[in-house]
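# Below are the sequence and a predicted model; questions follow.
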Amino acid sequence: MHEVFERFAENPLLRPADVRPSAEGLRVECLLNPGAFRYAGKTWLLLRVAERPEQRPGRVSTPILDPDSPGGMRILEVSRDDPGLTASGDRGFVYRGTTYLTTLSHLRLASSQDGVRFQVEESPALVGSGELEAFGVEDCRVVEIAGTYYLTYSAVSFRGVGVGLASTRDWRRFARHGMILPPHNKDCAIFPEKVGGSYWCLHRPSGVGLGGNYIWVARSQDLVHWGDHRFLAATRPGKWDSERVGAGAAPIRTDRGWLEIYHGADHQGRYCLGALLLDLRDPSRVVARSEEPLFEPVAEYEKKGFVGSVVFTNGQVVDGDELTIYYGAADTVVCAARASVRAILETLR
């Protein structure tokens, strides 16, 4: 392992107990995978907050967004001996042929003067809206283009997982642009500037049978309608990213190419981070790729949690040569680590 990232001594920076539940009767089960950005002189995180009711013995329950229910939410609770419950695990369960998540996620803002001590806002910034987000919104990437912040997130429902888009200039009023990439798709990161006259994004469609969990690129003229989809990077048998790969935050422009910190998982579900280097003029061409992970789940808070052995990032800030990633650890807490951009590039020689 060539681990170039240095963990913050203050890790974990945020725990579930640091966040107030969004509604009575819910508890914050996990904090995961924040987007990160700078605004008004502060460092901000857009946290994924996963909630569910207190679990009762012999039963499984989950919240579901429902505009026809009081407060816009209803609780589905099922006895574990109900014949309609055919499968149940940490992440989800199947009831009467429909798959449900065990938690409902929304996006919550947190701000910091120093990038270490964060103040979490009392209420959500974005919650799921409409049928295609009935199971919540997750894992938001944030990119600023010409003073507007664009948010790409996983829109989750019984119809599947697709990519939703929202935008804002002041972080108080949000425009919702709907689903820009249909199921099954996620891990969408938009480049911070046009390349060759087009906007570009990384995304991760998932194949069923043929294909796999691979990273693709696409182009757009308006950030809403995407086309010219091209395959970019596959999983690699026998390596740390053998089961799935997906983009992290927006690619970073360097003199050697577009640097993308991405996640990979093996067949045991162990998530690590590595790097892709893409051609500056043609981001559909991979120049170099990490042979070994640059960051692995080795700290205790990364190995044990709601889902153990996970480090997952989709949020970062860059200060010259210093890259700070904010990441979810063990699908439970939010942490941070820093590295030199140049040192990362040196591993890709």
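Structure's in. What do you need? Small disclaimer: the values here were computed from a predicted structure and weren't measured.

# Please count neighbours and contacts with C-alpha atoms only from this point.
Fine.

# I'd like the mean pLDDT over stretch 13-28, please.
Averaged across stretch 13-28, the pLDDT comes to 96.

# Tell me which residues are up against it.
Here stretch 13-28 makes contact (Cα atoms under 8 Å, 6 or more residues apart in numbering) with 29-31, 49-54, 116-118, 120, 122-124, 332-336.

# do the same with stretch 291-298
So stretch 291-298 is contacted by 1-5, 239-240, 270-275, 303, 309-311, 329 (Cα under 8 Å, 6+ apart).

# Out of these, which sit inside strands?
Those of the contacts of stretch 291-298 mapping onto strands are Tyr271, Cys272, Leu273, Gly274, Ala275, Val311, Ala329, per DSSP state E.

# which residues touch the closest residue in space to the fifth one that isn't next to it in sequence?
Translated: Ala275. Of all residues not flanking Ala275 in the chain, Ile261 sits nearest, at 4.5 Å (Cα to Cα, 6 or more residues apart in numbering). Taking Cα under 8 Å, 6+ apart, we find Ile261 in contact with Ala247, Gly248, Ala249, Pro251, Leu273, Gly274, Ala275, Leu276.

# Mind pulling the model confidence for the fifth one?
Same thing as Leu273. Value listed for Leu273 in the pLDDT field: 98.

# That one pairs with what?
His263, Phe295 (DSSP bridges).

# any idea which residue sits dead centre in the chain?
Taking Cα atoms, centre = their mean, the centroid of the chain lies closest to Asp139, which sits 2.8 Å from it.

# and the helix or strand Phe93 falls within, which residues are buried?
Element membership of Phe93, judged by DSSP states H and E, is strand 92-95. Residues of strand 92-95 classed as buried by neighbour count (16 or more other Cα atoms under 10 Å): Phe93, Tyr95.

# following it, which helix or strand comes up?
Taking DSSP H and E, what comes next after strand 92-95 is strand 98-101.

# by contact count, what packs against the next helix or strand after that following strand?
Moving toward the C-terminus from strand 98-101, the next helix or strand (DSSP H and E) is strand 104-112. With contacts taken as 3 or more Cα pairs under 8 Å, 6 or more residues apart in numbering; DSSP states H and E, strand 104-112 sits against strand 42-53, strand 59-65, strand 119-120, strand 137-145.

# Which SSE is immediately downstream of the second one?
The reference is to strand 59-65. strand 73-79.

# Mind listing the strands the next helix or strand after that next one pairs with, and their directions?
Reading on from strand 73-79 to the C-terminus, the next helix or strand found by DSSP H and E is strand 85-88. In the sheet, strand 85-88 lines up against strand 92-95 (antiparallel) (DSSP bridges).

# Alpha carbons of the strand it pairs with, in CSV - could you do that?
The C-alpha trace of strand 92-95 is given here as CSV (Å, rounded to 0.1, in the frame of the first residue of the first chain):
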residue,chain,number,x,y,z
GLY,A,92,-32.6,-3.2,2.9
PHE,A,93,-35.3,-5.8,2.9
VAL,A,94,-37.8,-7.3,0.5
TYR,A,95,-41.5,-7.2,1.4
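
# and Gly160, how many neighbours?
16 (other Cα atoms under 10 Å).

# nearest spatial neighbour of it, skipping sequence neighbours?
Pro183 (5.4 Å).

# That neighbour is in contact with Gly162, isn't it?
Yes: with contacts counted by Cα atoms under 8 Å, Pro183 reaches Gly162, the gap being 4.3 Å.

# Who has more neighbours out of those two?
Shown here are Pro183 and Gly162; by other Cα under 10 Å, Gly162 has more neighbours (25 against 19).

# Against which helices or strands is the strand or helix carrying that one packed?
Using DSSP H and E, Gly162 sits in strand 160-168. Judged by 3+ Cα pairs under 8 Å, 6+ apart, strand 160-168 is in contact with strand 148-157, strand 175-181, strand 185-190.

# any idea which of the ones you listed is most buried?
Burial of those is given as mean neighbour count (mean count of other Cα atoms under 10 Å); strand 185-190 ranks first at a mean of 28.

# pLDDT averaged over that one - what is it?
98.

# The following helix or strand past it pairs with which strands?
Moving toward the C-terminus from strand 185-190, the next helix or strand (DSSP H and E) is strand 199-205. According to DSSP bridges, strand 199-205 forms sheet pairs with strand 185-190 (antiparallel), strand 215-220 (antiparallel).

# Which residue is the nearest non-sequential neighbour of Lys303?
Ser309 (4.1 Å).

# ugh, wrong one, I meant Phe5
Closest residue to Phe5 apart from its sequence neighbours, by Cα to Cα, 6+ apart: Ala339 at 4.6 Å.

# Next: Leu65.
Using Cα to Cα, 6+ apart, the nearest residue to Leu65 is Met73, at 4.4 Å.

# So for the residue nearest to Phe5, what's the pLDDT?
98.

# ok, and what's touching the strand holding Gly162?
Outside strand 160-168, the residues touching it (Cα under 8 Å, 6+ apart) are 132, 148-156, 174-188, 224.

# The spatially closest residue to Ala234 that is not a sequence neighbour and Val156, how far apart?
Spatial nearest neighbour of Ala234, chain neighbours left out: Tyr214 (4.7 Å); criterion: Cα to Cα, 6+ apart. Distance from Tyr214 to Val156, counting by Cα to Cα, to the nearest Å: 19 Å.
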